[in-house]
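Q: following is a predicted model, sequence given first.
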Amino acid sequence: MSVFGIGLAYGIATLLVMFYGMPIAFALGAVAVVFMGIYMPAASLDTVTQNVYEEMASITLLSIPLFILKGAAIGKSRAGQDLYSALHAWLHRVPGGLGVANVFACALFAAMAGSSPATCSAIGSAGIPEMRKRGYSGGFAAGIIAAGGTLGILLPPSITMILFAVAAEKSLGRLFLAGIGPGLLLVTLFGAYAVIRFRREYKAAEAIYKNGGPQAAILTRDEYTLAERFSVLPRVIPFVLLLTGVMIALYGGYATPSETAGLGGLLALALIAAIYSVWRPRDLAPIMRSTIRESTMLMMIIGMSLLYSYVMSYLHISQSVAESIVAMHLPRWELLFAILVMVVVLGFFLPPVSIILMTAPIILPPLRAANFDIIWFGVVMTIVMEMGLIHPPVGLNIFVIRNVAPDISLSEVIWGTLPFVLLMMAAVLLLCFVPEISTLLPDLVMGPDGSR
């Protein structure tokens, strides 16, 4: 059979197994092993475990479970709710300040946890009920939290970016720095939209009230004294200092990513023990259980995805696809557009981890040939994958929101997230025209990247 035929069969078999309902890790591993048995020497089956181990024997990957531990320690305590309460107290005078506070809370929590679902769950459990109580529509409240949660895979420490750095063989520190500018851009866009949407809903409620209708909750304003605002800071500041210290240790060259992750995990455990008295075995059990469960799932996906990519490479599927794309002689921007459209379509069905590990061997060679900055592309691809977290049919964050706020219908959640998808598209376009938003900070801190 030709390479094209083998590649087509490989892709169809993968989709069939996934649609059948098999977990992603086992689906990728099963397809890879079957095609190894059919098209590769029999001896290759004896080395499956060795290949998976060798592919995963990366010191960078060690940081993943440690960052997950840090996120679980913060997510399973009251840190997320306290962070949200502090921001709301300081931003309550801004029109739509509650929505803006939720955006900032998501961004800060995402930077501490590195996980989108964890951010949605931690901030949404406190933020959505408060927004609903103050008259925000269900779709608006759900959209803010679902979109804010996507920042978890863009702002460092991002587990998704760790995997992209491994797949692209690029500096993790540089990639983390490259995500900060676009992350702040998205925070600004989301916050601006929250203000505009609040004013629209406020004016509609005000018009109803002036015409003799009931006074909506959105018309009520909260007031905090200066003493009340400062009283909420003591529990939040230590976690902000933790985030700052971890970033200084990483970018200052004082610790490797794995050492930084371990330091962050241990300090997070120490902080929740000191601030929230979470130190007894029964208190720590949910944190450890969550860390082990998520780490095991993620590492299984990584290992099987790497085996899947290894088989693709051995059978020359990925090389042939890359050569075919290059042979089309597409202008560089059309090439980028075609690749991003492919990522969007994959995002309908797959999580970011699988998309990176499955597509990196195919898309990176043509992009290098077209002279694209791979670090810059990693940020753009991450934003595009963020869209997949808040649009159907998979839309992981959508279903997290449904668990946190079951009173909001699925259709409301989906319609509430669509404006944020459009804002992400606008951010991608802006990055294409002004790439310095992503590349300036890593160039200033680490010097120009000569490998572009």
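A: Everything's here; your move. Numbering: from 1, shown residues only.

Q: tell me which element Lys70 is part of?
A: Assigned by DSSP states H and E, Lys70 belongs to helix 63-75.

Q: what's the first helix or strand after that helix?
A: For helix 63-75, the succeeding helix or strand toward the C-terminus, using DSSP H and E, is helix 79-91.

Q: I'd like the average pLDDT over that following helix.
A: The average of the pLDDT scores along helix 79-91 is 78.

Q: which strands and helices sit next to the helix or strand encompassing Leu98?
A: Using DSSP H and E, Leu98 falls within helix 97-113. Using 3 or more C-beta pairs under 8 Å, 6 or more residues apart in numbering; DSSP states H and E, the elements in contact with helix 97-113 are helix 63-75, helix 79-91, helix 116-133, helix 138-149, helix 172-210, helix 237-251. Glycine gets a C-beta too; all of them are placed from N, C-alpha and C.

Q: can you redo these as a markdown table with mean neighbour count and distance to Leu340?
A: Listed next are the helices and strands packed on helix 97-113 as a markdown table, based on neighbours: other C-beta atoms under 10 Å; distance: least, C-beta to C-beta, whole Å:
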| stretch | mean neighbour count | distance to Leu340 |
| --- | --- | --- |
| helix 63-75 | 26 | 25 |
| helix 79-91 | 22 | 32 |
| helix 116-133 | 24 | 19 |
| helix 138-149 | 29 | 19 |
| helix 172-210 | 19 | 15 |
| helix 237-251 | 17 | 29 |
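
Q: returning to what we had before: now the helix holding Leu98: buried residues?
A: The neighbour-count check on helix 97-113 (16 or more other C-beta atoms under 10 Å) flags 97-113 as buried.

Q: for stretch 261-277, same thing?
A: 261-265, 267-269, 271-273, 275.

Q: show me the residue at the heart of this protein, geometrically.
A: Ile153 (2.2 Å; C-alpha atoms, centre = their mean).

Q: contact partners for that one?
A: Ile153 sits next to 114, 116, 159-161, 352, 382, 385-386, 389 when contact means C-beta atoms under 8 Å, 6 or more residues apart in numbering.

Q: out of those, who's nearest Ile38?
A: Checking the contacts of Ile153 against Ile38 with C-beta to C-beta, the nearest one is Pro352 at 30.0 Å.

Q: doesn't Val384 make contact with the closest one?
A: No: in this structure Pro352 lies outside contact range of Val384 using C-beta atoms under 8 Å: 9.5 Å.

Q: who has more neighbours, those two?
A: With neighbours defined as other C-beta atoms under 10 Å, Pro352 and Val384 compare such that Pro352 has more, 27 against 23.

Q: so for the residue nearest to the centre of the chain, what's the nearest residue that isn't a sequence neighbour?
A: Distances taken as C-beta to C-beta, 6 or more residues apart in numbering put Thr160 closest to Ile153, at 4.0 Å, once the chain neighbours are dropped.

Q: how many residues are close by the one you found?
A: By the criterion of other C-beta under 10 Å, Thr160 has 24 neighbours.

Q: keeping just the C-alphas, turn the helix or strand encompassing it into CSV.
A: Using DSSP H and E, Thr160 falls within helix 159-168. Backbone C-alpha positions of helix 159-168 (Å, rounded to 0.1, in the frame of the first residue of the first chain) are rendered in CSV as follows:
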residue,chain,number,x,y,z
ILE,A,159,1.1,22.8,30.7
THR,A,160,0.1,23.1,27.0
MET,A,161,3.2,25.3,26.3
ILE,A,162,5.4,22.9,28.1
LEU,A,163,4.3,20.2,25.6
PHE,A,164,4.8,22.5,22.7
ALA,A,165,8.3,23.4,23.8
VAL,A,166,9.1,19.7,24.0
ALA,A,167,7.6,18.9,20.6
ALA,A,168,9.2,21.9,18.9
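
Q: give me the residues contacting it.
A: Contacts for helix 159-168 (C-beta under 8 Å, 6+ apart): 58, 60-61, 63-64, 67-68, 114-115, 153-154, 170-172, 175-176, 179, 257, 298, 302, 352-353, 356-357, 360-361, 364, 374, 378, 381-382, 385.
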